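K.L.:
pasting the structure only:
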C-alpha cells in the first residue's frame, strides 16, 4: 500500500488504463512501418554506408588513413570511444541508480535508455577494435595461453582493464535489458496475429507467462542487477578515465578524473536520452507517458551533472595553479589560450554555461529549447574529450615535437558513420521492440495522482475494495496491506 | 498430461490480493496466479518464500573474485613474472579493477542463468497460456480442478471475492 | 492504490531531555577532560618529544621533496609537543564536527530537491545536526589565531619571503590563495553560508509546522537548490583550506570530494544512530524498520562510494608514482617509522570492509543493533580518517591518542548537549510536510 502526496506531478497523464498502456506501446510494433520511420532509417543506413566504407579504407590501407601523427598518437578514435561510452552511461543510470533511489518516473524512459546504452557501447567498441589495425586478432586482448600467440596480457595496464570493464558492462547491460524485455515480449506474443510474429515473439519471450513465482524472482533479479550495475557503471568510466589518469601526462594525471568522468558521462548520456526521447514521444505519440515532467526532470539531472562537471573543471584549473608544477600549469594555460582555445571555449560554453539555462522554468519545459540544449551538450561533451586528449598530447614535455592534429576524411567518416550505426540500431529497436516498459509503467499507473483505477464500470464486486473517490481519484484506502510488507 | 483449471479473472490487483487471501483461507489450493506486472505484497499473500537468488549471486560473485585474483596473481606473479612500470610482480592495487569487473560479471551472469534455469524459461516455438489477457490487463487466478471439484461452489467463491469472470480451461503440460 | 489522505493522524511530538541524559553528556565531557589532562601530563613529562622528532627526521626524507629540505629548521620553531598535539586535535575534531553538521543541512536540502518522501520523519534530526556550525566557526578562529604555526606551514614567518632563510618558492607561489586574510575570509564565508541556509531551511520548516500549506515546501526547494550549488563549491574549497593546506606542498584534485565523502558517510551514520536512540527512548513513533532500512542502504552504499573515492585517489598516485604526490602516501604507509601504517589499513577495514560485510543483507539493515554497531564504527572510522589526513603532516611521528581521544570526547559531549537541545526545540514530526503521509506509510 503506497501513499502518494498530492504535491507530486502525475507520472502518466491521460487517465490511462492497463489496457491503454498495452495498446499505446504495442501499436507501433504491430503496425506497418510508417513513412517517417522508413525515411529516418534510410538516412541512418546512408551513414552506416559511410561507416562501412571508412572501415574498409582503414582495414585495407591501414591506420595511416587516420590523421594521427607521432606526437598525437591518440586523438580522434579515443575521443569518440570515450564519447560513446559516456553516452551509454545514462541508460544504466536510469535503469539501475534511479531504480535504487526509487525515482518512479524512470519507468517510462528506462527501456529506450537501456537500448541506447547497448547501442552506444557497440559504437564505442568500434574505435579501439579498429585502432588495432588487425581486428581479426582482437581476441589477443583476452588472457590466453602464451602458445596461443601472445604473452599473458598485462593486468597492470588500464587499457586491459578497459577490455574487462567494457565487456562486463556490455554483457550485463544486455542481460539486464533483455530480462526486462521478456514480459513485454510475452504481451506482444499474446496479441500477435501473424504466424511469424507469433513464433518470433514466442521465442523472444522465453515462455514467460507472468506467474507470481516468476515475477517474484524477476523482481529479485532486477534489484540485484541494479545493485551491481550501479558500481559497475561507475567503474566503467572510472577505468576509462584511468586510461589517461594513470599516466604522467600533464592534464591527464589528476586524481579527480574518475568521478569527474562519470559525471560527464551521465551528463552527455542524459543529453542523448533527451534527444532520443523528444523524437520518440512525438513519432510514436507517447506524450502521456513521457510527459513534460519527465523532460523537466531529465533536464534537471543534466544540469546537475553538468554543474558537477563544471566544479571539476574549476577544481582542475585551480589545483593546476595551486600545485605550482610548471607542466601542469602550462597544460591548462595551453588548453584555454593555446591553438586549441576554440575547442576549450566550445567545451566551456556548451557544458558549463548553457545547461545553466535549465534553471529557468520556461526552458526546461520547452521542447524545442530542450532539444537544442541536448544537442549542444553532446557537442560540448565531445569537445571535452577532444580538449583533454589532444591539448595534453600535442604540446608535451618535448617542445621540438609540438604539432597540431587534424582528422582525415576517413576519421570523420568513421565518426559520423557510428552515428549511422547507432541510429540504425535504435530505429530497428524502436520499431520491433516495445520502447516503453509496459509492465513497469503498469505498476506505477495506480500510484500516479492523475490516474485512479478506471475499472469501476465492469466490476460488480468493486465495493470489496472500498474506494471513495474525489475528482476521479481514490481519496482514501482503508484496506491496508501493510502486513504484506 | 492434461490438467483442468478454473480461472478466476480479476480486473484489479488490490481485489486480487484480497481474493487470494480469502480463497486460501477457504481451503482452496491456488495453482498459480498470472499477472501482467509484479504486484507488491503478492508473495506474502500466496506464501511464496523469499527467493534465495541473492545468496546464489553472492557465491557467484565470490567465485568471480577468487578466479580473478588467482588468474592475475598466477599469470603475472608466477607463470611469467615481468617488471612493469617499476611495480612489484603482484601489484595488488592494479589488480583491483579487473577483480571488480570479474566479480560483477560472474555475479550477474551466474544469477541470471540460474534465474532462467530454475524458472524453466527458454525460447520455445509456441507458448500456451491459460488466458492471453493475463499479459495485458487481467489478473488470472488458476485453480486446478478434477471430477470431484464442486465447480459451482468454487465459482461462487471466486465471484464473491471479486472475480469478473470464472472460466474453465484445459491445458496440456509436457 | 494511491491514497491522498492529508496526514489526518500525524501529531506533533516533542523531545524532553531527562536530567539523566544531560548528566550522561556532561560525564562524557568530564571523561574527556580527565583523559586530556592525563594525556597532556604524559606528553609534557614523559613524551620523548626530541626522540620522536629525530625519528620524524629520518622518515622526513619523504617530506624532503622540493626545497623544503632546507627549511627543516622551521619544524622546530613550533610549540612543545603536548601543546601542538592539543592544537592539532582541536582542529581535527572541529573539522570533523563542523563537516558532519553541514551534512545535516545538505541531507535535508538533497531530500527536498529530489522530492524524496521517505525521509520526512527523520528530517528534524538532520535539521538539528547543523548546530555546530557557529560554535565551530568560533573554535576554528580561536585555534587558527593561537596555533596556526603548528598547523600550517605556510603561515610561518618568512616562508614566502625570498630573502628569508626558510624561503620556500612553492609555498610562496601559493600565496595568492594561502594568505591569512583571504583564508579567514573564506572560512567565515563557508560557515556563514552553511549556517545561513541551515537556519533558513529550518525556519521555513517550522513555519510550515505552524501554518501548513504547500508554499513552504516549494520555497524550501528553491532555498535547498541554491544551498546545494553553494555547498558544491564551498565543501571542496573548505577541504582544501582546512585539511589539504596542512600538507602544503601536496595537492590532489580529488581531495575536496574525498573529504566530502567522509563527512557525508559520517553524517548519515549520525542520523541513523540518533534515530535509533530516539526510537529506543520512545520517540519517533512513525519511524519503523523501513526507514532504518533506507538509512542502512545509504550507509552501505556511501561507504562503498567513499572507498571508491579513496581508491581512485590512492591508485592514481601509487600508479604514477610522482614524488610530489606520492609523499603523501609514503608518510602514511611506513613513514615516521611506521607510525601510521596500521591506521592506514584500519581505515580501510573499518570504513569499507566492516560496513560492507555487515550491511550486505536486507535483514541487517532492518535491525537496530546491527545499524547501531555499524554507525558507531563508521563514526569512529571517519574520525580516524581525518586523523590520518591531519596528523602525519602536523605531528610527524609525535602523534598519540590520549589527548586526541580526550578532546574528541569533549567535543562529542558538547555537541550532544547542543544537538539535543536544538532537537527538543521543535516537534520531531514535521506535521505539515506534504510528504509526511508518504513517509509515515513508507515501505521498502
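P.N.:
Happy to help now that I have it. Here the structure is a predicted model, which is why all the values come from computation and not from measurement. Numbers count the residues shown, from 1 in each chain, chains lettered A, B, ... in the order given.
K.L.:
Assign a three-state SS to residue A:170, would you?
P.N.:
Here residue A:170 is helix, with the state taken from DSSP: H, G, I helix; E, B strand; the rest coil.
K.L.:
Would you map out the domains in chain B?
P.N.:
Annotated domains of chain B cover B:2-50+B:127-172, B:53-118 [automatic domain parsing].
K.L.:
got these as a markdown table, with mean neighbour count columns?
P.N.:
All C-beta atoms are positioned from the backbone trio N, CA, C, and that covers glycine. Converted to a markdown table, the domains of chain B look like this (neighbours: other C-beta atoms under 10 Å in any protein chain shown):
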| stretch | mean neighbour count |
| --- | --- |
| domain B:2-50+B:127-172 | 18 |
| domain B:53-118 | 18 |
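K.L.:
for the ones you listed, which one sits closest to chain A?
P.N.:
domain B:2-50+B:127-172 (3.3 Å; C-beta to the nearest C-beta).
K.L.:
how about the closest one, does it get close to chain A?
P.N.:
Yes: shown here: domain B:2-50+B:127-172 in contact with chain A (C-beta under 8 Å from any C-beta of the partner chain) through B:11-15, B:17-18, B:32-46, B:48, B:127, B:129-130, B:132-137, B:159-164.
K.L.:
Please flag which of these sit within strands.
P.N.:
B:32-34 (DSSP state E).
K.L.:
hey, which helix is longest across chain B?
P.N.:
The residue-count maximum for a helix in chain B (DSSP state H) belongs to helix B:92-118.
K.L.:
Who are the packing partners of the helix or strand just after it?
P.N.:
Going down the chain from helix B:92-118, the next helix or strand is strand B:139-145, by DSSP states H and E. Applying 3 or more C-beta pairs under 8 Å, 6 or more residues apart in numbering or on different chains; DSSP states H and E, we find strand B:139-145 packed against strand B:2-10, helix B:13-25, strand B:32-34, helix B:151-160.
K.L.:
Adding distance to residue C:142, write those out as TSV.
P.N.:
Putting these into TSV (distance: least, C-beta to C-beta, whole Å) gives the following:
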stretch	distance to residue C:142
strand B:2-10	70
helix B:13-25	62
strand B:32-34	68
helix B:151-160	76
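K.L.:
rewinding a little: what's the closest of the ones in strands among the residues of domain B:2-50+B:127-172 next to chain A to chain C?
P.N.:
residue B:33 (18.5 Å).
K.L.:
Quick one: the helices in the stretch 1-150 of chain A, in order.
P.N.:
For the stretch 1-150 of chain A, helices defined by DSSP state H, counting those that start in this stretch occupy the ranges A:18-30, A:35-61, A:76-92, A:98-100, A:110-131.
K.L.:
sorry, back to before: including pLDDT, could the ones in strands among the residues of domain B:2-50+B:127-172 next to chain A go into TSV?
P.N.:
Shown next, in TSV, are these (pLDDT from 0 to 100):
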residue	pLDDT
B:32	89
B:33	91
B:34	92
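K.L.:
closest to residue C:133 among these?
P.N.:
Nearest to residue C:133 among those is residue B:33, at 54.7 Å by C-beta to C-beta.
K.L.:
out of the helices of the stretch 1-150 of chain A, deepest packed?
P.N.:
Most buried of the helices of the stretch 1-150 of chain A, by mean neighbour count (mean count of other C-beta atoms under 10 Å in any protein chain shown): helix A:76-92, with a mean of 27.
K.L.:
What helices and strands are in contact with it?
P.N.:
Contacts defined by 3+ C-beta pairs under 8 Å, 6+ apart place helix A:76-92 against helix A:110-131, helix A:158-191, helix A:212-245, helix A:257-283, helix A:367-386, helix A:409-432.
K.L.:
Let me see the mean pLDDT of the last one.
P.N.:
Averaging the model's pLDDT scores along helix A:409-432 yields 94.
K.L.:
for that helix, which positions count as buried?
P.N.:
Within helix A:409-432, the residues scored as buried using 16 or more other C-beta atoms under 10 Å in any protein chain shown are A:410-411, A:413-415, A:417-427, A:429-431.
K.L.:
how distant is it from the center of its chain?
P.N.:
Taking C-alpha atoms, centre = their mean, to the nearest Å, one finds helix A:409-432 lying 15 Å from the centre of the chain it belongs to.
K.L.:
which strands and helices sit next to it?
P.N.:
Counting by 3+ C-beta pairs under 8 Å, 6+ apart, helix A:409-432 packs on helix A:18-30, helix A:35-61, helix A:76-92, helix A:110-131, helix A:257-283.
K.L.:
Quick one: mean pLDDT over the shortest one.
P.N.:
Helix A:18-30 shows a mean pLDDT of 87 in the predicted model.
K.L.:
what's in contact with that helix?
P.N.:
A:12, A:14, A:16, A:184, A:187-188, A:191-193, A:197, A:284-286, A:288-289, A:430-436, A:438, A:441-442, A:445, B:36, B:136-137 (C-beta atoms under 8 Å, 6 or more residues apart in numbering or on different chains).
K.L.:
where does residue 125 land on pLDDT?
P.N.:
Picked chain A for this. With respect to pLDDT, residue A:125 scores 93.
K.L.:
hm, I was asking about chain C
P.N.:
Model confidence at residue C:125, given as pLDDT, is 94.
K.L.:
What's the separation between it and residue C:221?
P.N.:
Distance, residue C:125 to residue C:221, by C-beta to C-beta, to the nearest Å: 20 Å.
K.L.:
Who has more neighbours out of these two?
P.N.:
Here residue C:125 and residue C:221 are compared on neighbour count by other C-beta atoms under 10 Å in any protein chain shown; more neighbours surround residue C:125, at 25 against 15.
K.L.:
So which elements touch the helix or strand encompassing that one?
P.N.:
Using DSSP H and E, residue C:125 sits within helix C:123-129. Using 3+ C-beta pairs under 8 Å, 6+ apart as the contact test, the elements touching helix C:123-129 are helix C:81-113, helix C:180-211, helix C:255-280, helix C:402-424.
K.L.:
So for chain B, which of the ones you listed sits nearest?
P.N.:
Nearest to chain B among the helices and strands packed on helix C:123-129 is helix C:255-280 (16.4 Å), distances taken as C-beta to the nearest C-beta.
K.L.:
from the contacts of helix A:18-30, which would you call buried?
P.N.:
Those of the contacts of helix A:18-30 that meet the buried threshold are A:12, A:16, A:184, A:187-188, A:191-192, A:197, A:284, A:286, A:288-289, A:430-431, A:433-436, A:438, A:441-442, A:445, B:36, B:136-137, by 16+ other C-beta under 10 Å.
K.L.:
Skipping its backbone neighbours, what lies nearest residue 108 in space?
P.N.:
All of this refers to chain A. For residue A:108, ignoring the flanking residues on the chain, the nearest one in space by C-beta to C-beta, 6 or more residues apart in numbering or on different chains is residue A:289 at 4.3 Å.
K.L.:
not quite, I wanted chain C
P.N.:
Using C-beta to C-beta, 6+ apart, the closest residue to residue C:108 is residue C:126 (4.8 Å).
K.L.:
list the contacts for the one you found?
P.N.:
The contact partners of residue C:126, taken as C-beta under 8 Å, 6+ apart, are C:104-105, C:107-108, C:267, C:271.
K.L.:
farthest pair in those residues?
P.N.:
Among those, C:105 and C:271 lie farthest apart (C-beta to C-beta), at 12.0 Å.
K.L.:
what sits in contact with each of those two?
P.N.:
C:126, C:129.
K.L.:
ok, the two, which is more surrounded?
P.N.:
Each of residue C:105 and residue C:271 has its neighbours counted (other C-beta under 10 Å); residue C:105 has more, 28 against 24.
K.L.:
For the more buried one, which non-adjacent residue is spatially closest?
P.N.:
Take residue C:105 and drop its neighbours on the chain: the residue closest to it by C-beta to C-beta, 6+ apart is residue C:198, 4.3 Å away.
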